[in-house]
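Novice: This is the structure alone, sequence omitted:
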């Protein structure tokens, strides 16, 4: 028989996984809506910026994963994270400028 503690732990883990999945997936769907609207209006520059943003954020996620599973050293992680963060900030600034 499964104890109450085990059931609570399973429920907590399920909801934690659900929340984490939601937090990771929501930005992808909202960006696709904006990207689709940009393409419909013929704004290819905005679509390019949004695609670049998604690529940069995907690279950051992949970099963090590689670091967490010890595929890369801390120094490599930090230098690449700094470069990608700077590139992401520049891209977001361009998107803000284009939407203003």
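Specialist: Happy to help now that I have it. Being a predicted model, the structure only gives us computed values, none of them experimental. Numbering: from 1, shown residues only.
Novice: List the contacts of residue 91.
Specialist: Counting by Cβ atoms under 8 Å, 6 or more residues apart in numbering, residue 91 makes contact with 49, 52, 53, 56. Using the backbone N, CA and C atoms, a C-beta is placed for each residue, glycine as well.
Novice: Just put those residues in a markdown table and tack on neighbour count.
Specialist: Formatted as a markdown table, those follow (neighbours: other Cβ atoms under 10 Å):
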| residue | neighbour count |
| --- | --- |
| 49 | 21 |
| 52 | 16 |
| 53 | 19 |
| 56 | 19 |
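Novice: most centrally placed residue in this protein?
Specialist: Centroid check for the chain by Cα atoms, centre = their mean gives residue 57 as the closest residue, at 4.9 Å.
Novice: Look at the residue lying closest to that residue once chain neighbours are set aside and give its secondary structure.
Specialist: Nearest non-adjacent residue to residue 57, counting by Cβ to Cβ, 6 or more residues apart in numbering: residue 88, 6.6 Å away. Judged by DSSP: H, G, I helix; E, B strand; the rest coil, the three-state class of residue 88 is helix.
Novice: Give me the neighbour count for residue 88.
Specialist: Neighbour count for residue 88, taken as other Cβ atoms under 10 Å: 17.
Novice: That one reaches residue 52, doesn't it?
Specialist: No: taking contacts as Cβ atoms under 8 Å, residue 88 lies outside contact range of residue 52: 9.4 Å.
Novice: contacting residues for residue 60?
Specialist: Going by Cβ under 8 Å, 6+ apart, residue 60 touches 81, 84, 85, 88.
Novice: Please report phi then psi for the first one.
Specialist: Yep, that's residue 81 we're talking about. Torsion angles at residue 81 (phi, psi; degrees, to the nearest 10) stand at phi -60, psi -40.
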